[in-house]
Structure formats: structure tokens, C-alpha cells
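S.K.: Sequence first, predicted coordinates after that:
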Amino acid sequence: MEAFLVNTLAFIPARSGSKGVIDKNIRNLNGIPLLAYSVHIAQLCFKQGIFSDVLVSTDSKHYLEKIKQTGYTKQYIRPRELAQDESPTIDAIIHAINDYAKKNIFFDNVMILQPTSPFRCIQDIKKSIQVLESNPLTTCVASVFKLSDHHPRRIKLINKDGFLDDFCNEYKEPEPSRRQDFTPDAFIRSGSIYLTKTEQIMKQKLIRGKYVKPLEISEFYSVNIDEEVDFFKAEALINSNKYKKELDVFDKLKLKYDA
């Protein structure tokens, strides 16, 4: 099924008050607020008919002001009680869906685009919708990327005697240890894309659910910013000629913030 035939809400959670990195969601990355990257891609998808609507769920009017260059104009503010440190994202999604329902607006699916994953490929977004719609049992499509050097066979724990031990007896690290020999292939959720059926969200109150289909994406599009050091890594990617083509989609946005 073509992506533009599906009724999908792009949901961008952007709670203020991050403690690890203060106001992380609007911290500048190459001169652009982190949140603006996700909003920009969502807006482009909306214009192409991939998304039926785009909603930034924030508790801060200041955050909305910081993303006005993207062309986003909604003034939706998440209730304060849903924007605490311990507030789960699922509650904010349910609140938004109920708010739309009051206006007789309904969605088949919700795609969660976390601001902390700033780089995305529009083709990956399209593909995720196609995967969900073509697999009736699927509860969620989650972006993943393949682990190499950080394969689970290399993950350790410190045992009671203070020595390193294999984290899992089923997947022990061989010696010599060469990453090209590690089996089976291992993947980690990237956080870039979560696409969930609205029915799953409302009935089960879960984002992923039981039957999660993987969408394998490149490591570049799997950049996840949680700590201070992650900003330096992302800046290095932006300044690398190797990924210039992947970043072209943000050129016009950069001009708006430079103006």
C-alpha cells in the first residue's frame, strides 16, 4: 500500500526540563534547535501526503517559538501533569488522540518521531508505513540498526569476585574475538521511528506491543542524542563530507535559522 493512502499522525514529543542536558530538545545542533530537525522532516512528509497531520507535544510555548522557522504553527500545549520527569510518552499520545477525537479527527496510525533522533530519511518513513499496513499482526514498526563492534557477545558484567564475565551464557565471547565472526546478527532499536496502530495505543496503552516489525536503517540515521558527548558526535557527522548528501534535506532549514 502506498504510504500517502494511510491516515497517519506524526507525533513529536518535546517535553521541556531535561536535566542531563539542560533544554536538550532545543539545544542548537549546527545552528538549528534539535527539535527543529524532526519537525522539518515531518512537515516535508506532510506536504507529500505521507502524514495526515503533524503534532508537536510540548509543555513549553518557548519551544514552539524556537521551531517557527520550520513553518509549524500549531499552539497545542501538553497538560503540565503529562510533562513531568516520570510522565510516560504513551500518556501524552493518548491525550493528543483524545483531543483530536473531540474534533472528529481520527488516525489509523501514530508515528513517534523523537527529537533526540534528529536525522531521518523520508524513504524510511514511507517504508515503515508500508510495512505496518502489509502485516495485519504487526503492532509496531521500530527502526533498528545492526550492531557490529558492540555485539552482545562483547557485553560484560562484573561478577561477585570482581572479574569480567559474559553477560549471557547463551552468547559467550569466543577467543580470539573477531566481530566478523559474531553470530547471530544483533540489532538495537535506534529510536528514530516508532510507528504504532492507534488501536494498539488506545486499547493496550503500549507503543511497541507484542509483534514488532524491524525497519533496518543505516547507522547514520540512527544517531541518538542523550548525553553531552552525543552532540559532538552529531556535529562531526554534519561536518563530514561523507554524509553531505544525507544532510541536503536540511539545507533550506539551515538558511532559515541563519537568516
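M.R.: Yep, it's here.

S.K.: Lowest-scoring secondary structure element of the protein by mean pLDDT?
M.R.: When the helices and strands of the chain are scored by mean pLDDT, DSSP states H and E, helix 244-247 comes last with a mean of 90.

S.K.: residues of it that come out buried?
M.R.: Buried residues in helix 244-247, counting neighbours by 16 or more other CB atoms under 10 Å, are found at 246-247. C-beta coordinates here come from the backbone N, C-alpha and C atoms, glycine included.

S.K.: Renumber starting at 237 from here on
M.R.: Sure, I'll start numbering at 237, so the last one becomes helix 480-483.

S.K.: after it comes which helix or strand?
M.R.: Next along the chain after helix 480-483, taking DSSP states H and E as the criterion, comes helix 487-494.

S.K.: Can you name every helix or strand that that next one contacts?
M.R.: strand 268-269, helix 270-283 (3 or more CB pairs under 8 Å, 6 or more residues apart in numbering; DSSP states H and E).

S.K.: out of these, nearest to residue 250?
M.R.: Closest of the helices and strands packed on helix 487-494 to residue 250 is helix 270-283, at 5.2 Å (criterion: CB to CB).

S.K.: ok so, going back, for the helices and strands packed on helix 487-494, which one sits closest to residue 329?
M.R.: Each of the helices and strands packed on helix 487-494 has some distance to residue 329 by CB to CB; the shortest is helix 270-283, at 14.8 Å.

S.K.: relative to helix 487-494, how tilted is that closest one?
M.R.: 130 degrees (axes from the mean of the first three to the mean of the last three CA atoms, to 10 degrees).

S.K.: mind listing the helices in the chain by residue range?
M.R.: Listed in chain order, the helices of the chain (DSSP state H) span 270-283, 297-302, 325-337, 358-370, 434-440, 464-474, 480-483, 487-494.

S.K.: outside of the longest one, which residues touch it?
M.R.: Applying CB atoms under 8 Å, 6 or more residues apart in numbering, the external contacts of helix 270-283 come out as 246, 248, 250, 260-265, 287-290, 292, 299, 302-303, 305-308, 349-356, 358, 361, 461, 485-486, 489, 493.

S.K.: What residues of it count as buried?
M.R.: For helix 270-283, the neighbour count (16+ other CB under 10 Å) marks 270-282 as buried.

S.K.: Check those and tell me the two furthest apart.
M.R.: Taking CB to CB as the measure, the buried residues of helix 270-283 span a maximum distance of 19.7 Å, between 270 and 282.

S.K.: hang on, the earlier thing: please identify which of the helices and strands packed on helix 487-494 is closest to residue 391.
M.R.: That would be helix 270-283 among the helices and strands packed on helix 487-494, by CB to CB, at 28.6 Å.

S.K.: so what pLDDT did the residue nearest in space to the middle of the chain get?
M.R.: By CA atoms, centre = their mean, the chain has its centre lying nearest to residue 428, at 2.8 Å. Looking at residue 428, its pLDDT is 96.

S.K.: Check the gap between it and residue 490 for me.
M.R.: 20 Å (CB to CB, to the nearest Å).

S.K.: now residue 475
M.R.: 13 Å.

S.K.: Spit out the residues that contact these two alike.
M.R.: Jointly contacting residue 475 and residue 490 under the rule CB under 8 Å, 6+ apart are residue 266.

S.K.: Tell me which of these two has more neighbours.
M.R.: residue 490 (17 against 11; other CB atoms under 10 Å).

S.K.: Double-check the more buried one against residue 269; I have them as touching.
M.R.: No. Using CB atoms under 8 Å as the test, residue 490 is too far from residue 269 to be in contact (11.6 Å).
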